[in-house]
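In: Here's a sequence, model it:
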Amino acid sequence: MVDPGEIQSRLLQRLAGGLSPADLSAWARGVIAFDTGEGPSLFDADEEMLRHVLKRCAIETEPGFEMSGEDIRTLLRRVAYSDSARSARGRREGPFLVAFRARMAPASAFPIVGNCGRCGSPVRLADKTLPKILRAGGALACLWCARALPGAVVGRL
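Out: Next up is the predicted model:
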């Protein structure tokens, strides 16, 4: 199965300008080729949605299919609200970036959506925090879980 955390990390790097469209496309094509080479598997709608996001990333270099910042944010939201991304991931070691839970932050001020690396709840981030997100490797923590992660916090909003 495709790892939603890896997809989120690549999309965040692309949004921050740390990854070129050609690199994102090549990575997505490689993941798709490896995934389809494993043979038939039973998959649910959630896995199919993640494959759709990968396919969209794979054709980004084709004329007429370039992705804008808003397109990337839309894909990030789709991945963040998928069932596999929301499932509890267990304890991770830092570094984490502390973020507001999605229900507490307005979408206009915090357009980037992610998931807490500890409890899996949706969190929102501002565009200006992209360098910190990349420094933390895309690992996010909600305000509640950040209290349980002393010394593993890169930055706060």
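In: Which helix or strand contains residue 63?
Out: If you go by DSSP states H and E, residue 63 is not part of any helix or strand.
In: Walk me through the domains of this structure.
Out: Here the domain parsing of the chain from automatic domain parsing is 1-87, 88-157.
In: Same list as before, these that is, but in TSV and with mean pLDDT and mean neighbour count included.
Out: The way it works is simple: take the backbone N, C-alpha and C, and place the C-beta from them, glycine included. Listed next are the domains of the chain as TSV, based on pLDDT from 0 to 100; neighbours: other CB atoms under 10 Å:
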stretch	mean pLDDT	mean neighbour count
domain 1-87	80	16
domain 88-157	71	17
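In: Could you name the helices and strands sitting against the lengthiest strand in the chain?
Out: In the chain, assigned by DSSP state E, the strand with the most residues is strand 96-101. Judged by 3 or more CB pairs under 8 Å, 6 or more residues apart in numbering; DSSP states H and E, the packing partners of strand 96-101 are strand 122-125, helix 130-135, strand 140-142, helix 143-146, strand 153-155.
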